[in-house]
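1. here is my input; please provide its structure:
(2 chains)
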Amino acid sequence: AQSVTQPDIHITVSEGASLELRCNYSYGATPYLFWYVQSPGQGLQLLLKYFSGDTLVQGIKGFEAEFKRSQSSFNLRKPSVHWSDAAEYFCAVGPYTGGGNKLTFGTGTQLKVEL
Amino acid sequence: DAEITQSPRHKITETGRQVTLACHQTWNHNNMFWYRQDLGHGLRLIHYSYGVQDTNKGEVSDGYSVSRSNTEDLPLTLESAASSQTSVYFCASSETTVNTEAFFGQGTRLTVV
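-> The predicted structure is shown next:
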């Protein structure tokens, strides 16, 4: 069965500092990988997705993620964090046979930004 | 603009009552999903549908049911609400073609007392 691990429950960074959120997955086939962000009281917004091709993918709000098959990882990065990035971030994996189907989510990482 | 809406946004109900949460999407997506979000668990799949008259159980389906009578709606029913079903519920939809992502509603916060 597939699984997603986000080892960091909480992360605090200073505004302007770089950010890396970790995500490791276990999946028996070629995965689709996603990062979603959830602001308080809101739904989930897609930051970026990886289906195939270039392993470094760019997303919205200045985020990027790198797919490393050998490490089963899909870490999210941002070079300079803004206070508005404070939110909860979810990594998710889905089957290659159809994007967006039956996602398995990690437990989330809560990001706090210090001014 | 196309969207996915959930109603109600907040609901308090009593143990043992039947509760139905609505999900309506205007993208004409075939795939629809219900997830619940709990602290320490992330989002977990309850039920999903790949089209009209199609429904499937997800990871945590016990105590829940869905029906799909048209493309736009996938209501989630709690047959007899239990305190363990206090959670935030998210509906999502997606196309059936490859290279697509799921779009999520704003969520319904359900409290069972």
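
2. hmm, who's touching whichever helix or strand residue B:91 is part of?
-> Using DSSP states H and E, residue B:91 sits in strand B:87-94. Residues outside strand B:87-94 that contact it (Cβ atoms under 8 Å, 6 or more residues apart in numbering or on different chains) are A:43-44, A:98-101, A:103, B:4, B:6, B:21, B:23, B:25, B:27, B:29, B:31-38, B:43, B:46, B:74, B:76, B:100-105, B:107-110. C-beta coordinates here come from the backbone N, C-alpha and C atoms, glycine included.

3. please flag which of those sit within strands.
-> The strands, defined by DSSP state E, take in A:44, B:4, B:6, B:21, B:23, B:25, B:31-38, B:43, B:46, B:76, B:103-104, B:108-110 from the contacts of strand B:87-94.

4. any of the contacts of strand B:87-94 buried? List them.
-> A:43-44, A:98-101, A:103, B:4, B:6, B:21, B:23, B:25, B:29, B:31-37, B:43, B:46, B:74, B:76, B:100-105, B:107-108, B:110 (16 or more other Cβ atoms under 10 Å in any protein chain shown).

5. what sits against the residue most central in space within chain A?
-> Residue closest to the mean C-alpha point of chain A, counted by Cα atoms, centre = their mean, is residue A:35 at 3.3 Å. Neighbour list for residue A:35: A:21, A:23, A:46-49, A:59, A:63, A:65, A:74, A:76, A:89-92 [criterion: Cβ under 8 Å, 6+ apart].
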